[in-house]
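> pasting the structure only:
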């Protein structure tokens, strides 16, 4: 039963529904996708992560090399998930039903929902110190009360945009990202001319396994790993792109939208870390601006909003994928309320906040085995010909079956392999294989090979009896 997106039910408001986006409502273009993915990645956390290589003892050249090569790999695969949404017109977690089964897809949907809600709080908390420092330059003496007010304003704005739907998200990114890129360019020029960047920085002269360990850690944090974290979001936004848009153009725009700001900010953070490895790159930037404090403040505040509107929107779609009979708008407001309370808690619990940030950075590696299964399923097993109508069969009566154990087993074993080869910050996320290799983190590679390879072997058998009969 081979179908196209138009063969499945297409009623309802496309901006708020899980149903395939009708052809008439698919008005997003390649440039719109570029703005969406650029905006989501112009975030201060990227210049902080960019400094990681320098803090681990790598040279500036090694750090930049890892940033560029890692993101080329990660973002090139991200583009394949963008194309899934354009072809099927459905969200990423609904599409997962084709591989995992009608109820089996609850597992990745729940993981994605929890992670996106958690990142919404952490992303808001991360920028607070920078906002306070910039307000200080403007003469505002901010304490805990001011921080809470900033949280409420930022959270309220981003939840309102996300609850309004895809059109509001696309419009926000379209009109704010170009301005933000101009501010970022000015900020970069000032930072590189006033802070004394050491472009020949040689690091600690790491060699052998120590150098490899540091490079793989950076690769997982902001190289390959950064692109991987966005795989589970991709189709939620590209489903609004009509199939008439050339696939190569959409692929290039989406990949470049991710690659450009991540590498740019990563290199900025790494270069500033050569000035003082004991000083936060964000503080160096803030201390260098003076009259530019206001536009930089807008850039810093824009970062979490542009990122979190995707977190809140995709989180609400995940809740619907779990068959919760709640409107997407209501879920968006609930996520915002939770994230607000949680962010305020993080203000008073700084140590816990840092620990949570490290855990989230490590736990997003569940995306690796899930993505491997999905890529093999969509492009190899199904050859991009997914039964869209079957994705919406009710639980218990699905032609796909409720649980597809080939995908679930591959996913779980792939997740175990990912953990074994992971070398995260918390002790529990230092896998035995990575420890035995001297701290070399190959989590993304191990998880992909195990999950994808195993699923390819298991999926060669016939489909479930019900699916075969259909």
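Arrived safely, thanks for sending. In this text, all values refer to a predicted model and were calculated from it rather than measured experimentally.
> Pull the contacting residues for the residue lying closest to residue 432 once chain neighbours are set aside.
For residue 432, ignoring the flanking residues on the chain, the nearest one in space by Cβ to Cβ, 6 or more residues apart in numbering is residue 420 at 5.9 Å. Just so you know, the C-beta spots here come from the backbone N, C-alpha and C atoms, and that holds for glycine as well. Shown in contact with residue 420 (Cβ atoms under 8 Å, 6 or more residues apart in numbering): 431-434, 446.
> same thing but 6 Å
With contact set as Cβ atoms under 6 Å, 6 or more residues apart in numbering, residue 420 has these partners: 431-433.
> Got the confidence number for it?
The per-residue pLDDT reported for residue 420 equals 94.
> one step back: of the contacts of residue 420, closest to residue 174?
Set against residue 174, the nearest of the contacts of residue 420 by Cβ to Cβ is residue 431 (41.8 Å).
> For the closest one, which residues are in contact?
Per Cβ under 6 Å, 6+ apart, neighbours of residue 431: 419-422.
> Distance to residue 381 and secondary structure for those residues - can I get that in TSV?
Listed next are the contacts of residue 431 as TSV, based on distance: Cβ to Cβ, whole Å; DSSP: H, G, I helix; E, B strand; the rest coil:
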residue	distance to residue 381	secondary structure
419	26	helix
420	26	helix
421	25	coil
422	27	coil
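> I'd like to know which of the residues you listed are buried.
The neighbour count (16 or more other Cβ atoms under 10 Å) marks 419-422 as buried among these.
> need those residues in a markdown table with distance to residue 19, can you?
Putting the buried ones among the contacts of residue 431 into a markdown table (distance: Cβ to Cβ, whole Å) gives the following:
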| residue | distance to residue 19 |
| --- | --- |
| 419 | 36 |
| 420 | 40 |
| 421 | 39 |
| 422 | 37 |
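> Next, the buried residues of stretch 398-416.
Buried residues in stretch 398-416 (16+ other Cβ under 10 Å): 398-404, 406-408, 410-411, 413-415.
> for stretch 199-214, same thing?
201, 203, 206, 210-214.
> Please identify which of those residues is nearest to residue 73.
Once Cβ to Cβ is applied, the member of the buried residues of stretch 199-214 that ends up nearest residue 73 is residue 212, at 16.7 Å.
> From residue 402, how far off is that closest one?
Distance from residue 212 to residue 402, counting by Cβ to Cβ, to the nearest Å: 44 Å.
> Residue 197 touches residue 271, doesn't it?
Yes: using Cβ atoms under 6 Å, residue 197 and residue 271 qualify as a contacting pair, with a distance of 4.6 Å.
> neighbour-wise, which of those two wins?
Higher neighbour count among residue 197 and residue 271: residue 271, with 26 against 19, using other Cβ atoms under 10 Å.
> Now for the more buried one: which residues touch it?
Applying Cβ under 6 Å, 6+ apart, the residues near residue 271 are residue 197.
> Under the pLDDT cut-off, which ranges of the stretch 1-150 of the chain? List them.
For the stretch 1-150 of the chain, the stretches with pLDDT under 70 are 1-16, 142.
> burial of residue 125, as a residue count?
Counted with other Cβ under 10 Å, residue 125 comes out at 24.
> what's the helix or strand for the residue nearest to it when sequence neighbours are not counted?
Leaving aside its sequence neighbours, residue 125 sits nearest to residue 346 (Cβ to Cβ, 6+ apart; 4.4 Å). Residue 346 is part of helix 328-348 when elements are defined by DSSP states H and E.
> Check which helices and strands that helix sits against.
helix 106-126, helix 144-164, helix 293-321 (3 or more Cβ pairs under 6 Å, 6 or more residues apart in numbering; DSSP states H and E).
> mean confidence for it?
pLDDT averaged over helix 328-348 gives 88.
> In it, which residues are buried?
328, 331-336, 339-340, 342-344, 346.
> same check, this time on stretch 71-80
71, 73-75, 77-80.
> now stretch 441-456
Buried-residue list, stretch 441-456, by 16+ other Cβ under 10 Å: 441-452, 454-456.
> related to what we said a few turns ago, which among the buried residues of helix 328-348 gets closest to residue 50?
Nearest to residue 50 among the buried residues of helix 328-348, counting by Cβ to Cβ, is residue 346 at 22.6 Å.
> From residue 148, how far off is the closest one?
From residue 346 to residue 148 the distance is 11 Å (Cβ to Cβ).
> Ok, residue 46 next?
Taking Cβ to Cβ, one finds residue 46 at 26 Å from residue 148.
> Ok, residue 459 next?
51 Å.
> Those two - which one has more neighbours?
When residue 459 and residue 148 are compared for neighbours, residue 459 comes out ahead with 20 against 15, by other Cβ under 10 Å.
> Thanks a lot, see you next time.
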